[in-house]
Structure formats: structure tokens, C-alpha cells
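Peer 1: need coordinates for the below:
(2 chains)
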Amino acid sequence: MLQDANAGHYQDDELVPAAEPHAGHAPLDAAAETQADLSAEIEAIGDAYARALKDGAAPETQPRLDFAPYRSSILRHPTKSLHHADPETIELYSPAFGHQDVHALESDLTIQHNGEPLGERIIVQGKVLDGDGRPVAGQLVEIWQANAAGRYIHKRDQHPAPLDPNFTGVGRCITGPDGSYRFSTIKPGAYPWKNHLNAWRPAHIHFSLFGTDFTQRIVTQMYFPGDQLFPLDPIYQSIVDQDARDRLVARYDHELTSPEWALGYNWDIVLSGSKRTWTENEAFGDAGDEE
Amino acid sequence: MGKLTPTPGQTVGPFYGYALPFPKDNELLAPGSAGSIRLQGTVYDGAGEPIPDAILEIWQPDAEGNVVQRTGSLVRDGYTFTGWGRAAVGNSGVFTFTTVNPGPTPPVPGKPAAAPFISVAVFARGLMNRLFTRIYLPENEEALAADPLLSSLDPERRSTLIARRDPDGGLTWDLRLQGANETVFLDFESVEGASQ
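Peer 2: Down below sits the predicted model:
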């Protein structure tokens, strides 16, 4: 317990007690919409996008904010267009993070407790780049995820899959001079949610990323190749363009796989372009930890 | 080097609560310390209901208008102002930061001086991608009138970006994701004139 590198991360009231068997297994709601209803909606939006592309529309690279198949988005998307702004001074910089902020062991999600977590051990590695291909050095990467059974350590997650006393599912690291990051973790399970009847999220890891400019800040999700749930998932499908969706899917990398230890996945993240005028020093990157 | 296409964002989802918050995440300064103010507000959805599952980040210059590049935001020592903070809203949709009034940043050559503001990134369950906005201080009418962003907005929409000054010296600024008084959200990527 004393080695719990993440002890300060989460708050006591977010931790759930040991699962009671079937405590969260509510009876099926007969009024709930079916996957077929949702899939039909998703397909109609996809078809309309395909027609627009054919008619010369520009490919969409980000999720739609207004994407009704994700029911929680209906009252939570702006209805007015985003307003163009030229970034001003503060927006052209990002907060600085360093090794005062993040301990090296926080990138290994498999060693945060006394025992080994259950599940398939994996390595997730890649680079954070800006839109011009420059590495984003010395910046904070945060991840969180469900355990191998598809359960989050969160009071709102009451689905009756087991918690793993040896897995919290939270990690952090600071990118290297070449923009690289690396996490050791467990492959998360698919996760049921209540968007509609029999709704399941494809296995995913949440990623939070900073660039060199605050305008590059993103939170996203990394998926695993070949997931059969992709066509059914309103969150993944909120990105209507297949090429754009593919950018969220990690690549299995046998070179990265560690013999008799862990499977390797590679995923590079590209942020938007920096709007700052770069000095030579900045372009080479610093560790963000010079103090 | 060719332009790369950015990776799409995705919703922060409902379960960030055990991952993103950290101790003193919303205290850019220790509460009650010299020069500290409270910045508070409520996040509302399109039905005017407060939402309990949003998380905000602020990023701002110090009181003199300097952009700070000091580490230590995640492990605060109580003395170092890093300029960045994070606050998850509570059950009633309310967020609170302890910070300073940002100073006016140096003017960009050839452009009018901008009024002081705090940059904001918003994440929520049900929000597909993060949104950016700004919180301007209500004082200095002249600077507000000259601000390139504010002066490009209708008066009614412009007011969504300007905080109210509380009697105790703090700031109150509410965020509306949708609806009649929807907050102005910003797009830094498109070419001028391409959106709106």
C-alpha cells in the first residue's frame, strides 16, 4: 500500500466498496430503445455524410458535437456555431508540467497495489506530435480506464462486473524529448452503459493531452484494432469519417510486444498545429522541469 | 514537413472523477492568501438544468500579466502560482477556483491591446469534444470595447464571456452549453470568416 504511487489521485468518495453480487443489475427496461433503433439512426447519419462527401464536402476530422444517437449529447451541445478567434498570448502557451508533478512509476498501472491485476497485460506506447509533426516534449499525458472485466472504480459505475483490488486504472506520464509516452497496463474490457438497451462501449482507454499551446488541449479515447462493437457505438460513430475514426485505433505492434510478458500497442496522437512563433530553443523541446 | 491531420477528440465520459481531479486542483493560490479571489459559477444544459458531470480547466497569466511557465500544478506547494487549475463541478453543477485577477498581457504588435481574460477548456459527459471559451474581467470598459473577440460579437452574446464582480471581490461566471444565453465557444482552427 505504501508503494501506491497514485494514492493522491482519486478522492475517497469516488471509490466504491467491494461489489455486491448483482447489486447494480437492474431489470431490463422494456421502454428502452433497442440497438436496432440506434444503429438505424447512426447509419442514416453515415449515409448522409457519404453523400455529402461525394458532392464535394470536406472530410470531417472531429466528432460532431450534435450527434443525437449519443442521447446525453442532445442538451449538451452548442447550437450556435463556434466563433472564430485568433489565439491571444495566454492561449499560445500551455501550463508546464514536470517530474515534480508526475512520478516515473505512475506510468505503470500494474504496480499500484500489492498484487498483480487480473487480465491481459499490455504496453501502450506512442508519440504526441503537433500538426506540423513536431514532437510535443515534456508534456502531461493522463489516462484512465476500466479493468479487465469492464468495470471502473467509480461510484457511478454499478454494473455487476468485479472490481479488481489490484487495479485502479489511472496513469500519468510526462512525454520525452521526442514526444514519446509509454504505459504498462491491462487491456480494458468492453463496458455496458445505458444509452439504449444492450449498449456496450468498445474497449477503450481515455487519454488527456496537452500541447505547446492551450488551443491544442484534447481529451480523447484510444481503441483496440478489430473491435466488433465499433459499428454499434454512438460515441465512436460520432466521428462520421472512417479515416478520422481510424486515427483513434491503436496498431498491434509485435516488435513492442514483450516476450512472455505483455502485448504491445502503438498509438501516435496528433494535436492541432501550434499557432506560436517558435524560437529555436522551443523547437528542440525542453523537459518542462528546469526549476 | 507536411501538415498532419489531428486526432479526433472524444467525450470525457462519466468516469473521470477518480482520474482527473487531484488535491488542490482548483487552488491556483491558497484560499485566503494575499490577492486571492474566488472564481465560481454553474454549468447548465440546454434545459437550463445544472449538470453534475462537467470538469473545467482554467489557464491564465498572473496578476502582472506574465505567462507563467512553472511546474508544480499537480503537486501544489501552496506558494507557486502555475496559472493552471482544474475543477470538477459538484452535484449542483457549481465549480469554484481560487485564483488571481489576471493582468493585461503585453499587446501583440500591430494589434489593439486585449482586455485581461482567463482561458477555459470545458469537458463533460455528453459533450463530444472539449470546448474553449474565455472569462473576461468586467472592469476597464475601454479595453473590453477594443477587444478583437468581444467587438466581433453581438452585445447579447458578448455578455456571456464577461464575469460579474462579487461584493467580496470574487468573480461569478456561469457556463451555458446550449440555449438562449448559450456561452460563446471558440474555434481557433478555422480561417477567419469561415465560421459564423
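Peer 1: find the residue at the geometric middle of chain B.
Peer 2: Compute the mean C-alpha point of chain B, and by Cα atoms, centre = their mean the closest residue is residue B:120, 2.4 Å away.
Peer 1: residue 54 - how many residues pack around it?
Peer 2: This is for chain A. 8 (other Cβ atoms under 10 Å in any protein chain shown). All C-beta spots, glycine's among them, are computed from the backbone N, C-alpha and C.
Peer 1: correction: the question concerned chain B.
Peer 2: Neighbour count for residue B:54, taken as other Cβ under 10 Å: 26.
Peer 1: which phi and psi values does it adopt?
Peer 2: phi -120, psi 150 (degrees, to the nearest 10).
Peer 1: in space, what's closest to the residue nearest to the centre of chain B - neighbours in sequence excluded?
Peer 2: residue B:133 (4.9 Å; Cβ to Cβ, 6 or more residues apart in numbering or on different chains).
Peer 1: right, and the one you found touches residue B:182 too?
Peer 2: No: applying Cβ atoms under 8 Å, one finds residue B:133 not in contact with residue B:182, separated by 10.6 Å.
Peer 1: picking that back up, mind checking how far the residue nearest to residue B:120 is from residue A:107?
Peer 2: 32 Å (Cβ to Cβ, to the nearest Å).
Peer 1: kindly report the same for residue A:65.
Peer 2: Separation of residue A:65 from residue A:107 (Cβ to Cβ) stands at 32 Å.
Peer 1: same check, this time on residue B:167
Peer 2: Distance from residue B:167 to residue A:107, by Cβ to Cβ: 46 Å.
Peer 1: between these two, which is the more surrounded one?
Peer 2: The residue with more neighbours, out of residue B:167 and residue A:107, is residue A:107; 21 against 5, by other Cβ under 10 Å.
Peer 1: check whether that one really touches residue A:180, as I assumed.
Peer 2: No: the criterion here is Cβ under 8 Å, and residue A:107 misses it with residue A:180 at 11.1 Å.
Peer 1: the strands in chain B, which residues?
Peer 2: B:37-44, B:54-59, B:84-88, B:94-99, B:117-124, B:131-136, B:164-165, B:171-172, B:175-176, B:186-187 (DSSP state E).
Peer 1: including mean pLDDT, could those go into CSV?
Peer 2: Putting the strands of chain B into CSV (pLDDT from 0 to 100) gives the following:
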stretch, mean pLDDT
strand B:37-44, 98
strand B:54-59, 98
strand B:84-88, 98
strand B:94-99, 98
strand B:117-124, 98
strand B:131-136, 98
strand B:164-165, 98
strand B:171-172, 98
strand B:175-176, 98
strand B:186-187, 97
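Peer 1: wait, which of those is closest to residue A:97?
Peer 2: Proximity to residue A:97 (Cβ to Cβ) singles out strand B:84-88 among the strands of chain B, at 8.9 Å.
Peer 1: quick one, what contacts residue A:255?
Peer 2: The neighbours of residue A:255, taking Cβ atoms under 8 Å, 6 or more residues apart in numbering or on different chains as the test, are residue A:264.
Peer 1: before we move on, which element is it in?
Peer 2: Of the helices and strands defined by DSSP states H and E, none includes residue A:255.
Peer 1: for it, give me phi and psi.
Peer 2: Residue A:255 adopts backbone torsions of phi -60, psi -30, taken as degrees, to the nearest 10.
Peer 1: now residue B:24, nearest residue through space, not along the chain?
Peer 2: residue B:76 (4.5 Å).
Peer 1: repeat that for residue B:173.
Peer 2: Nearest residue to residue B:173 in three dimensions, chain neighbours excluded: residue B:163, at 4.0 Å (Cβ to Cβ, 6+ apart).
Peer 1: ok, the one you found touching residue B:170?
Peer 2: No: using Cβ under 8 Å, residue B:163 is not in contact with residue B:170, being 9.1 Å away.
Peer 1: returning to what we had before: between residue B:133 and residue B:182, who's got more neighbours?
Peer 2: Higher neighbour count among residue B:133 and residue B:182: residue B:133, with 23 against 18, using other Cβ under 10 Å.
Peer 1: what separation do you get for that one and residue B:52?
Peer 2: 20 Å.
Peer 1: quick one: contacts for the closest residue in space to residue B:54 that isn't next to it in sequence?
Peer 2: The shortest distance from residue B:54 to any non-neighbouring residue, by Cβ to Cβ, 6+ apart, is to residue B:124 (3.8 Å). By Cβ under 8 Å, 6+ apart, the contact list for residue B:124 reads A:76, B:11, B:12, B:43, B:51, B:53, B:54, B:55, B:177.
Peer 1: any idea which element the first one lies in?
Peer 2: This means residue A:76. Using DSSP H and E, no helix or strand contains residue A:76.
Peer 1: wait, it touches residue B:178, no?
Peer 2: Yes: with contact defined as Cβ under 8 Å, residue A:76 and residue B:178 form a contacting pair (6.6 Å).
Peer 1: now do the shared contacts for the two.
Peer 2: What both residue A:76 and residue B:178 touch, as defined by Cβ under 8 Å, 6+ apart, is the set B:45, B:46.
Peer 1: which of the two has more neighbours?
Peer 2: residue A:76 (25 against 22).
Peer 1: quick one, phi psi at the nearest residue to the more buried one once chain neighbours are set aside?
Peer 2: Excluding the flanking residues, the one nearest residue A:76 by Cβ to Cβ, 6+ apart is residue B:126, at 3.9 Å. Residue B:126 adopts backbone torsions of phi 80, psi -10, taken as degrees, to the nearest 10.
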